[in-house]
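> got a predicted structure plus its sequence, pasted below:
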Amino acid sequence: MSSSSGSDSLSTVAKGIEAVLFVSSAPVSTDALSELLSVSPARIRREIDELRDLLLRHGHGITILKVSGGWRMASSEDVAEIVGSFRDTATIQKIRLSKAAVETLAVIAYNQPVTRGEVEDIRGVRCERVIETLLAHGMIRIAGRRRGTGSPLLYRTTERFLETFGLSSISELPTLEELDELVPREAPHSSGATWLTESD
């Protein structure tokens, strides 16, 4: 980059620094950038100074900070409130499922539409609270009532269930025979879903 010439175009080195800091989850040292980009540490510091100046001059919402002996990209101070609100919302929306909830969800997914009583017969335990939790998280929905005595509610999985477990359709679920062959029954899901307390 050549701020001294009045141009905002980035040099190959500056683009490399920007990209590395963007994808890195930890601060990157000047020496590491120097070795990676095959330029002197002085050149790295100069390019970073110019990058920071460019971001500030054009009012970007990000900046480059020196922390823990390295460099990292961070949100600028003037958008701190917006970023804080986003983090709060993301935390609230994060789905955290207990082992009981995952088991109940699996029973519903493989037997839908299914009543609570049928889920409880399969799991051998009461599932009222777990089903309420899954409904609250939007992982299952009420899909009518079964005809017959008491007309119990029927439950199905939702689009959010598919999104959470990385499925495009319910038909992509492995068969029970495939699960027996590929995944130990005790193993947790690898979908990114995490865990709640057993009571949830």
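Ah, there it is.
> using CSV, write out every CA atom in stretch 112-128.
Below are the C-alpha coordinates for stretch 112-128, written out as CSV (Å, rounded to 0.1, in the frame of the first residue of the first chain):
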residue,chain,number,x,y,z
GLN,A,112,-42.7,-38.4,13.1
PRO,A,113,-45.4,-37.5,13.4
VAL,A,114,-45.4,-38.9,16.9
THR,A,115,-47.2,-38.2,20.1
ARG,A,116,-45.6,-37.5,23.5
GLY,A,117,-46.9,-40.8,24.8
GLU,A,118,-45.3,-42.7,22.0
VAL,A,119,-42.0,-40.8,22.6
GLU,A,120,-42.2,-41.7,26.3
ASP,A,121,-43.0,-45.3,25.5
ILE,A,122,-39.8,-45.5,23.4
ARG,A,123,-37.6,-43.6,25.9
GLY,A,124,-39.1,-45.1,29.0
VAL,A,125,-39.3,-41.8,30.8
ARG,A,126,-41.6,-38.8,30.9
CYS,A,127,-40.7,-36.2,28.2
GLU,A,128,-43.1,-33.3,28.9
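> give the contact list for the spatially closest residue to Ser76 that is not a sequence neighbour.
Nearest residue to Ser76, sequence neighbours excluded (C-beta to C-beta, 6 or more residues apart in numbering): Thr63, at 4.6 Å. Where C-beta positions appear, they are placed from N, C-alpha and C, glycine not excepted. Residues in contact with Thr63 (C-beta atoms under 8 Å, 6 or more residues apart in numbering) are 52, 55-56, 73-76.
> also Leu153?
Counting by C-beta under 8 Å, 6+ apart, Leu153 has contacts 115-116, 142, 144-145.
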